[in-house]
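*Asks:* Build me a structure from this.
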Amino acid sequence: MKKKYYNNGCSFSYGTRIGEPHQFVWCNQIGEHFEHSVNEAVPAGSNHRAVRRSIEFLSQVDDPTEWVATLQLTNPERSEFVETNSGYWIGLCNENSVHDDQAFQNAGVDMANLHHSSPHALAARMLTRTETANMIETLMLVHAYKSFCESRGVEYLITAMSSRCMPQRFLENPKYIEDNPFEPNLITIQGLIDSLPQERFTHTISEIVQPHVLIPGKDLHPNKKGHTIFARYIHSVMKRMKWIGDQ
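*Replies:* Below you'll find the model as predicted:
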């Protein structure tokens, strides 16, 4: 059995209200089965942030082999950039710049520089990142996370907010078929998907929790019951992997 647990993701692992992570979210419920747990998910978090912060955290633990980690993927369109004067990372989500737990206003971020640079970062992202580019970039992030965990002996599972965020489902996205007929891109995406270890991927949160969401048809974040249902599902996967007991 493993002793310690780590998670990163977006509001589907944190909760929708800013402040302390909701205690009933699925990953906090999973954490109760370990001696020690850490949840670094944040609302509006990107895959870039989740992978970067996971590697940052797990690189500093005393014994990586004691840890089980979950990575909850989110919308591939999200990203992040550096506020150059302070060095803090700033998230990009839905045409807005967002601060995570390391980049609140009192953490040394140069707000004048941020206000100047964030519109340019957002514009560059919107103008240059196609659906295809987002898919390939996300797959490369996932491969980096996989390689890191395997090299350090960290046991890991990867889930996602919804099916459109799950790498194995990328080529089911109709926008790809309609807008990106360029054959080499298809070959690259398929090759990156085929080389992923399928046993490390779970069903997505949205698939498991339906219809237990906050507002059906509008706000698809899990409600309290939905988080409990997903926690039970992840517990069953971890139990099958022999990382967790029956308690």
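
*Asks:* only C-alpha atoms for contact and neighbour calcs from this point on.
*Replies:* Will do.

*Asks:* where along this protein do the helices fall?
*Replies:* Assigned helices in the chain, in chain order: 11-14, 26-31, 47-58, 111-128, 131-152, 174-179, 183-194, 205-209, 224-240 (criterion: DSSP state H).

*Asks:* Touching the second one from outside, list them.
*Replies:* Going back to what we said before, that points to helix 26-31. 4-7, 13, 23, 37-39, 227-231, 234-235 (Cα atoms under 8 Å, 6 or more residues apart in numbering).

*Asks:* and the residues you listed, which are buried?
*Replies:* The neighbour count (16 or more other Cα atoms under 10 Å) marks 4-7, 13, 37, 39, 227-231, 234-235 as buried among these.

*Asks:* Hmm, Phe148 is touching Ser54, no?
*Replies:* No: the pair Phe148 / Ser54 is not scored as a contact, 9.7 Å apart, by Cα atoms under 8 Å.

*Asks:* The two - which one has more neighbours?
*Replies:* Ser54 (23 against 17; other Cα atoms under 10 Å).

*Asks:* Let me see the contact set for that one.
*Replies:* Asn7, Asn8.

*Asks:* burial measure for Ser163, as a count.
*Replies:* 21.

*Asks:* how many other residues sit next to the residue nearest to His143 when sequence neighbours are not counted?
*Replies:* The shortest distance from His143 to any non-neighbouring residue, by Cα to Cα, 6 or more residues apart in numbering, is to Leu196 (7.4 Å). Neighbourhood size, Leu196 [other Cα under 10 Å]: 16.

*Asks:* Can you pull out the low-pLDDT segments for the protein?
*Replies:* Counting by pLDDT under 70, the chain shows low-confidence ranges at 18-21, 105-107, 174-181, 247.

*Asks:* relative to its centroid, which residue of it is most remote?
*Replies:* In the chain, counting by Cα atoms, centre = their mean, Ala112 sits farthest out from the average C-alpha position, at 29.2 Å.

*Asks:* ok, now how distant is the residue lying closest to Arg129 once chain neighbours are set aside from Val25?
*Replies:* Leaving out its chain neighbours, the residue that sits closest to Arg129 by Cα to Cα, 6+ apart is Glu77, at 7.9 Å. Distance, Glu77 to Val25, using Cα to Cα, to the nearest Å: 24 Å.

*Asks:* For these two, work out which one has more neighbours and name it.
*Replies:* The residue with more neighbours, out of Glu77 and Val25, is Val25; 24 against 21, by other Cα under 10 Å.

*Asks:* Please verify my assumption that that one contacts Tyr14.
*Replies:* Yes: Val25 is within contact range of Tyr14, at 6.4 Å (criterion: Cα under 8 Å).

*Asks:* Am I right that the residue nearest to His143 is in contact with Leu141?
*Replies:* No: Leu196 is beyond contact range of Leu141, at 11.8 Å (criterion: Cα under 8 Å).

*Asks:* neighbours around His120, how many?
*Replies:* Neighbour count for His120, taken as other Cα under 10 Å: 11.

*Asks:* Please read the previous query as pertaining to Ile208.
*Replies:* Using other Cα under 10 Å, Ile208 has 17 neighbouring residues.
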